[in-house]
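A.B. asks: Below: sequence and its predicted model.
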Amino acid sequence: MLALPSSSEAGKRLRAKRERRHLSIRDVERFSQRIVEEKKNPAYYVPHNWVSDLENGKSKPRLAKFHSLSLIYECDIGEILALFGLNVGDLDREKGLIALPDTHLAGHALSRANPIVPTSLKLQDKVLLERTNLVRRMFQELGEMPLFLEQQAGIRDVLYGYVGTEDYTLDPLIRPGAFVQIDPHQNKVVKNVGPSEYDRPVYFVELRDNRYACSWCDYEGSRLLLVPSPMSPVPIRSFRYPQDAEIIGRVTGFAMLIAEMRTDASATPSQP
């Protein structure tokens, strides 16, 4: 049986995890307060002096605080607890609760036992990828939701949308095939435009016949205008508002491919 590391050695390893994130112990304390507010439980608060004592081998583990550390350090709680000879389930469901200031790789890949999309699902056969849609509605008839949506549902009150492969309304700002995050509380068009097109509010709009659009918006009398990007081939579209168009919410984030994924051996550049 392997001997467990000492508290001092475990503390050093834990300090290394914090320093890899470029976090001070005061940062850890501040981020833990967000977890307290989210979970409405002061047990998850991590004082800076407790972090210092833990890293110096002067403190014993407390489960709720380790829960917070695993979220802040973006690692499996099992990794931290294993340093002290403990073994509990991981916290993948809550990864992303803390937004760290530095750019970095975001923790661990999702477990193979919990794929993002069911392995039996062929998207191109069962989902119309050409059309812009709410992601939940896309998967509604399949009876199973992608894991990342289930993970996010309990963290923030947001919706997710998908920009169809034939929807070039905001291309190249938001390209076809992108996934967007939507704040349903921001469902009124903001008239003031920012200093550049990148600051202009983007909205996810439900149209008649259960169609959707991801677009800049403006009003012209009682009509809602869907305004494309200057480089888009899509014309300005006009709809009676609110009879034929409803604003689902403002797009607050998006993820999209900027290059084709190539995994075949021929994609590797030949050596001179």
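C.D. replies: Cool, got the structure. These numbers come from a predicted model, not from an experiment.

A.B. asks: What is the neighbour count of residue 165?
C.D. replies: Neighbour count for residue 165, taken as other CB atoms under 10 Å: 15. In short, each C-beta sits where N, CA and C put it, glycine included.

A.B. asks: same thing with residue 199?
C.D. replies: Residue 199: 9 neighbours (other CB under 10 Å).

A.B. asks: Tell me where this protein has helices.
C.D. replies: 7-20, 25-39, 48-55, 63-72, 77-82, 123-126, 135-140, 147-153 (DSSP state H).

A.B. asks: Can you tell me which of those is most buried?
C.D. replies: Most buried of the helices of the chain by mean neighbour count (mean count of other CB atoms under 10 Å) is helix 63-72; its value is a mean of 22.

A.B. asks: what about the residue lying closest to residue 53 once chain neighbours are set aside, neighbour count?
C.D. replies: Of all residues not flanking residue 53 in the chain, residue 59 sits nearest, at 3.9 Å (CB to CB, 6 or more residues apart in numbering). When neighbours are counted by other CB under 10 Å, residue 59 registers 16.

A.B. asks: per-residue pLDDT, residue 59?
C.D. replies: Per-residue pLDDT puts residue 59 at 76.

A.B. asks: Also residue 24?
C.D. replies: For residue 24, the pLDDT comes out at 91.

A.B. asks: got a list of what it touches?
C.D. replies: Applying CB atoms under 8 Å, 6 or more residues apart in numbering to residue 24 gives no contacts.

A.B. asks: Distance check, it against residue 77.
C.D. replies: Taken as CB to CB, to the nearest Å, the spacing of residue 24 relative to residue 77 amounts to 22 Å.

A.B. asks: Residue 48 too?
C.D. replies: The gap separating residue 48 from residue 77 is 20 Å, by CB to CB.

A.B. asks: How about residue 199?
C.D. replies: Distance of residue 199 to residue 77, computed by CB to CB: 39 Å.

A.B. asks: likewise residue 135?
C.D. replies: Separation of residue 135 from residue 77 (CB to CB) stands at 28 Å.

A.B. asks: Could you do residue 41 as well?
C.D. replies: Going from residue 41 to residue 77 by CB to CB gives 16 Å.

A.B. asks: Tell me, how many residues neighbour the nearest residue to residue 32 once chain neighbours are set aside?
C.D. replies: Once flanking residues are discounted, residue 32 sits nearest to residue 46: 3.8 Å by CB to CB, 6+ apart. Counted by other CB under 10 Å, the residues lying close to residue 46 total 25.

A.B. asks: my read: residue 46 touches residue 28, true?
C.D. replies: Yes: look at residue 46 against residue 28 with CB atoms under 8 Å: they come within range, at 5.6 Å.

A.B. asks: Between those two, which contacts overlap?
C.D. replies: With contacts defined as CB under 8 Å, 6+ apart, the residues shared by residue 46 and residue 28 are 69, 72.

A.B. asks: Make sure residue 131 is actually in contact with residue 213.
C.D. replies: No: checked against CB under 8 Å, the pair residue 131 and residue 213 is beyond contact range at 10.1 Å.

A.B. asks: Common neighbours of these two, please.
C.D. replies: The contact sets of residue 131 and residue 213 overlap at residue 167 (CB under 8 Å, 6+ apart).
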